[in-house]
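>>> only geometry, no sequence info:
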């Protein structure tokens, strides 16, 4: 699952540089912006058959690849 999430982040962002540091802030580094974040959410929802409501999308909880993996795992476990 982790590699699948990383592949989605790479596809949406157009770069794999985050793979070198899974705690890199994707927004501060310009890897993700608001539009790419929405695209990422849509891809993750479709791939993992989960719902990611905007009200749960606090940027600080989603700003690294590691945190994204953790959050997706939590959502899968909820189902």
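Thanks, I have the structure now. This structure is a prediction, so every number in the text was calculated from the model and none was measured. Numbering: from 1, shown residues only.
>>> quick one: buried residues of the host helix or strand of residue 71?
Element membership for residue 71 (DSSP states H and E) is helix 65-78. For helix 65-78, burial by neighbour count (16 or more other Cβ atoms under 10 Å) applies to 65, 67, 68, 69, 71, 72, 75. Every C-beta, even on glycine, is put in place using the N, C-alpha and C of the backbone.
>>> likewise stretch 20-35?
For stretch 20-35, by 16+ other Cβ under 10 Å, it's 24, 25, 26, 27, 31, 32.
>>> For residue 58, state which of those is nearest.
Lowest distance from residue 58 to the buried residues of stretch 20-35 (Cβ to Cβ) belongs to residue 27, with 11.9 Å.
>>> can you tell me how far the closest one sits from residue 49?
Counting by Cβ to Cβ, to the nearest Å, the gap from residue 27 to residue 49 is 26 Å.
>>> ok, now residue 74?
Taking Cβ to Cβ, one finds residue 74 at 15 Å from residue 49.
>>> sorry, back to before: would you convert the buried residues of helix 65-78 into TSV that also reports distance to residue 13 and pLDDT?
Output for these, formatted as TSV (distance: Cβ to Cβ, whole Å; pLDDT from 0 to 100):
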residue	distance to residue 13	pLDDT
65	10	98
67	15	96
68	11	97
69	15	97
71	17	94
72	16	96
75	20	93
